[in-house]
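Trainee: One predicted model, sequence on top.
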Amino acid sequence: MGSPVQIPGVTLGDELGRGAYSVVHVAYRGDARYALKIPRVRGRWTQWVYREAVALGRVRHPGLPHVVEVGETDGLPYLLMELVDGETLGDRLARGPLPVDQALDHACQLADTLRAVHEVGLVHRDVKPRNVIVDRTGKVRLVDFGFAAPVGSAAGLDVAGTRRYSAPEQFRSPDRVDARADLYALGRVLAECLTGRPCGDVDPVRVVAALASAGIPAGVARIVAGLVAEAPEERYPDAVAVLGELHRVRAGGMPRGAGACEPARVRGALVGRDAELEQFVRAWRDVQALGGRSLFVEGLRGSGKTRFIQTCAAKVQDEGRARTLEWLCREGDPPLAALRGIFDAYLASLPRLPPQERAAATTALRSAASGALASLACVVAPGFVELLGGREPPRAAVPDAFAEGAAELVIRLARLAGPVLLSFDDLQWIDAASQDVLTAVAARAHEAPLLLLAASRPTAEGRAFGRFDGVAPRRSTRITLGPLEMRQSAALIAAHLGVTSADPAVVRRVVTLADDTPVGILEVLGAHLDAGALRLRDDGWQLDDATAERVTLPPGALAFLGRRARDLPPATRRVLEVAAVLGTRFEDTLLADMLALEVQDVAYALADGRRAGLLEAVDARSHAFSHDSVREMLAGALDEASQRRWHQRAAELLLARAPGNVDLLHACAAHFAAGEADRTPALAYRAARGAAESALERFDKD
């Protein structure tokens with residue numbers, strides 16, 4: 001910038017420091033001193049910069065500088081925050097290593113700070129000793145958020161961080177960077193605190209050996225190794241898991257290891273559904289005291305069903321004595337997908353359990369699948385074959401009544417390994433075979449310590465759970481997640497903004513434009529934050545009336561999602577519309593093949609979709625729409641002929657990949673049915689016949 005920025009009421013002082021994309025000045029407002037951070041240059045990416053600055057302003061955590069004001073001046077976002085006094089951790093380490101207890105204390109504080117940062121969707125990307133300040137009381141503060149280096153930028157501004165502390169993916173695939181990159185840096189910082197010098201290795205085995213040779217306890221070394229693994233999937237899944245490990249070691253125990261930790265189920269507290277959550281708590285207590293039951297949760301799109309059942313599962317898991325088996329149903333799931341999913345997840349979790357608990361869980365599974373149910377168990381989940389000795393039992397042992405036999409398998413498991421929470425989200429998409437099994441399970445849930453928790457949208461007839469009408473009322477609970485009341489909406493808005501209570505004017509504005517669902521409230525609130533209609537000043541978010549008038553929203557939250565999609569660049573929108581034809585979840589390579597592009601070419605559009613909140617990365621090779629209504633909306637933007645053409649192309653591409661993959665074959669048949677089957681009737685028949693034969697082979701065991 002050629003001249004200092006002008007901010008009403010703020011006087012700029014000396015420059016404190018600068019990076020590739022931003023500069024920090026001392027700033028004065030009255031007699032108070034602050035730090036003011038502002039981008040050095042303009043760019044098309046400043047919209048995303050502002051969004052990150054606003055997100056940081058919503059975080060209230062003692063490990064972060066207190067954000068006083070977020071705003072814009074002359075088209076540039078700025079951040080006015082507390083000027084933190086103290087010694088940098090880098091200066092302290094120049095004098096030698098820290099005692100182990102002090103190093104672990106600093107790591108705990110940093111991990112908890114990163115947890116808060118990650119909960120609002122930010123990644124710091126430059127955690128290092130020079131960006132950590134220790135004040136006179138020993139409190140650790142994380143500073144220097146590089147908000148002017150947006151993740152996934154396609155303009156050459158996509159690489160951020162200091163190489164010595166940065167995760168490998170920050171330089172290889174910057175558009176794929178997530179919270180685990182900050183955990184990698186935390187591991188490097190912790191190693192340096194323990195040894196007094198930067199960690200020169202990334203191989204976990206050598207890291208453990210190097211720390212052991214320096215006299216560092218084995219448990220601490222194992223945590224560091226789980227943080228600095230080269231591949232993100234081999235690290236701890238999130239800061240919550242790291243905190244648990246650090247507390248475990250500080251209490252004298254041994255860490256479980258990165259591979260044994262699962263990601264936190266929910267971010268932040270559930271707001272506005274206290275009464276409904278209490279109904280779940282009562283039902284869960286009844287299960288443990290009086291026997292099993294069912295709990296059915298119904299709500300429109302956006303009502304928060306997924307968040308609600310995730311919170312319920314987290315409560316059960318926090319108790320530590322129960323099993324949680326979960327499945328998200330998807331439109332077009334192949335037969336028995338839901339039932340297979342929960343058992344596959346259970347089998348996959350066994351290696352992560354402590355030895356004694358793993359042995360007990362394995363024994364329970366073997367006992368549940370013993371006798372006449374052995375063959376049926378292997379049909380439900382192929383992983384049972386290895387568990388039962390590596391040889392599939394004779395098929396003749398499968399009971400004639402498949403649904404009742406599979407229900408017996410679930411009931412046995414709950415008796416042997418219970419209490420068990422069996423959770424299914426988006427039940428409106430469940431495959432018919434799994435639905436039959438769940439109906440039988442619900443009728444017998446009282447025979448075991450089992451809670452069947454299912455969430456669904458209402459059907460066209462208005463009855464989401466009609467198949468379960470036969471369940472005794474005293475053994476089932478129905479919950480409807482209805483519209484939020486004004487007080488619930490106000491609490492949700494305040495929680496999202498990081499304040500105790502929100503300005504009544506802000507609440508009124510948002511509630512008027514939203515559709516009384518949590519998703520609707522947060523979408524409208526996000527629109528105002530994005531547009532700068534809400535400004536953080538002096539610990540409160542104030543509505544800028546002039547800017548708010550220019551935030552034009554279609555009525556309702558779903559309409560707003562449509563506007564967000566329409567605001568994407570045309571090329572990006574086209575990519576996402578084609579992705580929507582593929583389904584809620586899709587592989588990047590298949591999408592690229594659909595469009596006759598290279599994977600790296602569609603990566604930019606996918607990054608735009610993630611930044612807009614329409615997509616989320618599932619893993620290194622696939623994405624999912626953040627909400628099913630987003631997919632429906634984007635697919636609906638295509639005319640019928642275009643939808644049929646893209647379904648046809650998807651079917652033909654999948655057919656080439658389908659041999660040996662039953663699930664792909666079912667998806668292929670579904671795409672042919674929605675495509676131009678009359679153009680390639682032989683191929684459509686081949687796919688449909690193959691899907692039917694595979695289903696017959698899987699379920700007809702006579």
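Mentor: All right, it came through fine.
Trainee: and residue 406, helix, strand or coil?
Mentor: Under DSSP: H, G, I helix; E, B strand; the rest coil, residue 406 falls in the helix class.
Trainee: Apart from its neighbours in sequence, what residue is nearest it?
Mentor: Using CB to CB, 6 or more residues apart in numbering and skipping residues adjacent in sequence, the residue nearest residue 406 is residue 437, 4.4 Å away. All C-beta spots, glycine's among them, are computed from the backbone N, C-alpha and C.
Trainee: Is that neighbour in contact with residue 337, as I believe?
Mentor: No. Look at residue 437 against residue 337 with CB atoms under 8 Å: they stay out of range, at 11.6 Å.
Trainee: ok, residue 492 touching residue 272?
Mentor: Yes. Applying CB under 8 Å as the test, residue 492 and residue 272 come out as touching, 5.0 Å apart.
Trainee: Now for these two: what residues contact both?
Mentor: Common neighbours of residue 492 and residue 272, counting by CB atoms under 8 Å, 6 or more residues apart in numbering, are 484, 518.
Trainee: which one of these two has more residues nearby?
Mentor: Comparing residue 492 with residue 272 by neighbour count (other CB atoms under 10 Å), the higher total belongs to residue 492, at 24 against 21.
Trainee: Would you quantify the distance from the more buried one to residue 519?
Mentor: 11 Å (CB to CB, to the nearest Å).
Trainee: Report the secondary structure state of residue 535.
Mentor: The assignment at residue 535 comes out as strand when based on three-state DSSP.
Trainee: The residue nearest to residue 406: what's it in contact with?
Mentor: Listed by CB under 8 Å, 6+ apart, the contact set of residue 437 reads 339, 402-403, 406-407, 410.
Trainee: Name the member of those with the most neighbours.
Mentor: Among the contacts of residue 437, residue 339 has the most neighbours (other CB under 10 Å), with 29 neighbours.
Trainee: Would you mind giving the secondary structure of residue 252?
Mentor: coil.
Trainee: ok, the closest residue to residue 249 other than its chain neighbours to residue 678 distance?
Mentor: Leaving aside its sequence neighbours, residue 249 sits nearest to residue 219 (CB to CB, 6+ apart; 4.5 Å). Using CB to CB, residue 219 is found at 65 Å from residue 678.
Trainee: do residue 324 as well
Mentor: 47 Å.
Trainee: So for these two, which residue has more residues nearby?
Mentor: Applying other CB under 10 Å to residue 324 and residue 678 shows that residue 324 carries more neighbours, namely 24 against 8.
Trainee: secondary structure element for the more buried one?
Mentor: Assessed by DSSP states H and E, residue 324 sits inside strand 323-328.
Trainee: Show me what secondary structure element comes after that strand.
Mentor: Next element after strand 323-328 (DSSP H and E): helix 337-349.
Trainee: If I take that following helix and strand 323-328, what angle do their directions form?
Mentor: Following axes from the mean of the first three to the mean of the last three CA atoms, to 10 degrees, one obtains 140 degrees for the angle between helix 337-349 and strand 323-328.
Trainee: what's in contact with helix 337-349?
Mentor: Helix 337-349 is contacted from outside by 262, 323, 325-327, 329-330, 361, 365, 377, 380-381, 383-384, 387, 406, 422, 424, 430-431, 433-435, 437-438, 663, using CB under 8 Å, 6+ apart.
Trainee: Tell me who's in contact with the closest residue to residue 199 other than its chain neighbours.
Mentor: Leaving aside its chain neighbours, residue 199 sits nearest to residue 191 (3.8 Å; criterion: CB to CB, 6+ apart). Shown in contact with residue 191 (CB under 8 Å, 6+ apart): 198-199, 207, 211, 224, 228.
Trainee: Now with 7 Å, please.
Mentor: The contact partners of residue 191, by CB atoms under 7 Å, 6 or more residues apart in numbering, come to 199, 211, 224.
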